[in-house]
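Participant: Sequence and computational prediction follow.
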Amino acid sequence: MKITNRTIIFFAGARSAEETAAIIQDRVKHYLEEED
């Protein structure tokens, strides 16, 4: 998975842990689809 500094900063700026979790789940979903 490609993690950039911009991505990390974006996570750090997320309004809530719930929002961050949703973003991470979305990223993981895309990653798994790419690997398929």
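Facilitator: Structure's in. What do you need?

Participant: so what's the backbone phi/psi at R6?
Facilitator: R6 adopts backbone torsions of phi -60, psi -40, taken as degrees, to the nearest 10.

Participant: And it, how far from I23?
Facilitator: According to Cβ to Cβ, to the nearest Å, R6 stands 13 Å off from I23. Yep, even glycine has a C-beta here, placed from its N, CA and C like the rest.

Participant: neighbour-wise, which of these two wins?
Facilitator: The neighbour comparison of R6 against I23 (other Cβ atoms under 10 Å) goes to I23, with 14 against 8.

Participant: In the chain, where's the longest helix?
Facilitator: When the chain is parsed with DSSP state H, its longest helix is helix 17-35.

Participant: ok now it, how far from the chain's centre?
Facilitator: Relative to its chain's centre, helix 17-35 lies at 5 Å (Cα atoms, centre = their mean, to the nearest Å).

Participant: Could you list the buried residues of that helix?
Facilitator: Going by neighbour count (16 or more other Cβ atoms under 10 Å), nothing in helix 17-35 comes out as buried.

Participant: Going forward, count from 159.
Facilitator: Let's use 159 as the start, then, which means that last one is helix 175-193.

Participant: can I get the CA coordinates of that helix in CSV?
Facilitator: Provided in CSV are the C-alpha atoms of helix 175-193 (Å, rounded to 0.1, in the frame of the first residue of the first chain):
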residue,chain,number,x,y,z
ALA,A,175,-11.5,8.7,14.8
GLU,A,176,-14.7,7.3,13.2
GLU,A,177,-14.1,9.3,10.0
THR,A,178,-10.4,8.2,9.9
ALA,A,179,-11.5,4.6,10.3
ALA,A,180,-13.9,4.9,7.4
ILE,A,181,-11.1,6.4,5.2
ILE,A,182,-8.7,3.6,6.1
GLN,A,183,-11.3,1.0,5.4
ASP,A,184,-11.9,2.6,2.0
ARG,A,185,-8.2,2.7,1.3
VAL,A,186,-7.9,-1.0,2.2
LYS,A,187,-10.8,-1.9,0.0
HIS,A,188,-9.2,-0.2,-3.0
TYR,A,189,-5.8,-1.8,-2.2
LEU,A,190,-7.4,-5.3,-2.1
GLU,A,191,-9.2,-4.6,-5.3
GLU,A,192,-6.0,-3.6,-7.0
GLU,A,193,-4.3,-6.8,-5.9
